[in-house]
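>>> The sequence isn't on hand, but the structure is:
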């Protein structure tokens, strides 16, 4: 989905993709929350915390764009606070969407001799997402290229 989207609109910029998909991006002080996605009367809205760095805002937008495109009818803030439904699956999918969008395979190929932890530190993304990204590249290349050193 990410590759089709980025090819169709010729960008991997989550802010530009949100705009072309008709998703409103709003910035506000959200205290300890980095951002969230909500759908109100068929209007998709991504909220991003103004206190984040530019890089953190970009990742947050990509993550929330994942929610908007993969879980468009779901209100994850509501499900998390008002029900016992586990939103972890949605969060994992949104994280995977974000990492695929922001970090194409060629970016990761530069770090093939690094450990997952080292790549995590360099790119400032969670180790679990580094491991996921390497595993997708590995499966694409037949499992013979990347390993956690």
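Yep, it's here. What you see is a predicted model; the values in this text were computed from it and never measured. Residues are numbered from 1 along each chain as shown.
>>> who's in contact with residue 130?
Neighbouring residues of residue 130 by C-beta atoms under 8 Å, 6 or more residues apart in numbering: 116, 119-120, 123. To be clear about C-beta, it is placed using only N, CA and C from the backbone, and glycine gets the same treatment.
>>> Return the subset of those lying in helices.
Under the assignment DSSP state H, the contacts of residue 130 contribute 116, 119-120, 123 to helices.
>>> can you pull the buried residues of the host helix or strand of residue 37?
For residue 37, the host element (DSSP states H and E) is strand 35-40. Of the residues in strand 35-40, those buried under the neighbour-count criterion (16 or more other C-beta atoms under 10 Å) are 35-39.
>>> Next secondary structure after it?
Using DSSP H and E, the helix or strand that follows strand 35-40 towards the C-terminus is strand 43-49.
>>> Describe which strands the strand holding residue 37 pairs with in its sheet and in which direction.
Here strand 35-40 is paired, per DSSP bridges, with strand 43-49 (antiparallel).
>>> For the strand it pairs with, give me every contacting residue.
The set of residues external to strand 43-49 that reach it, using C-beta under 8 Å, 6+ apart, is 18, 21-31, 33-39, 57, 60-61, 64-65, 68, 72.
>>> Which PyMOL command selects the buried ones in the residues you listed?
Burial among those is assessed by 16+ other C-beta under 10 Å; the matching PyMOL selection reads:
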select buried, resi 18+23+25+30+34+35+36+37+38+39+57+60+61+64+65+68
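>>> All good on my end, thank you.
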